[in-house]
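**Q** Next input, structure requested:
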Amino acid sequence: MTTNQQTHQPEEREIKGAANICRIVHELWERAEPGLSEKELEWFAGCSGYAEVFMGWLSDTVEKIGCYIAADKDLGGYDDKSAVYDLLFFLAESARCAKAMTMVSRNAETSLRYRHLEEPA
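**A** Residues are numbered from 1 along each chain as shown. Predicted structure coming up:
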């Protein structure tokens, strides 16, 4: 490399908040979105359908666990405190996953609209 060539250094941005799937996806989206093509944005905009399916699976699973525990005098093995909080943390993170997919889809739709508004008539 010659002395007058410059290397592109990405702008360093602080990441705030605890790491969870929603925060991770949000931070990645904020960095990636400006470089996405229209076709890529359309693909991301379509992920809301998967988020709906995912939330259906999650609600079915929670309901089945609730029914299983309700029918079992021993709480279906969930009388151990660590089993309960592990399950609840997993369910919370699963809901965050669907939220993150919905956020990406909504933001992609918004980006597509703004890009079309910015196009010359």
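**Q** which residue packs closest to the residue nearest to the spatial centre of the chain, ignoring adjacent ones?
**A** Nearest to the mean C-alpha position of the chain, by Cα atoms, centre = their mean, lies A100 at 2.2 Å. Distance criterion Cβ to Cβ, 6 or more residues apart in numbering; nearest residue to A100, sequence neighbours excluded, is V25 at 3.8 Å. Every residue, glycine included, has its C-beta placed from N, CA and C.
**Q** Could you pull out the buried residues of the helix or strand containing the one you found?
**A** Assigned by DSSP states H and E, V25 belongs to helix 21-32. Buried residues in helix 21-32, counted by 16 or more other Cβ atoms under 10 Å: 21-22, 25-26, 29.
**Q** elements contacting that helix?
**A** Using 3 or more Cβ pairs under 8 Å, 6 or more residues apart in numbering; DSSP states H and E as the contact test, the elements touching helix 21-32 are helix 81-118.
**Q** ok and the helix it packs on relative to helix 21-32, angle-wise?
**A** 30 degrees (axes from the mean of the first three to the mean of the last three Cα atoms, to 10 degrees).
**Q** Counting by contacts, list what the helix or strand following the helix holding V25 packs against.
**A** Downstream of helix 21-32, the first helix or strand assigned by DSSP H and E is helix 38-45. Where contact means 3+ Cβ pairs under 8 Å, 6+ apart, helix 38-45 is packed against helix 81-118.
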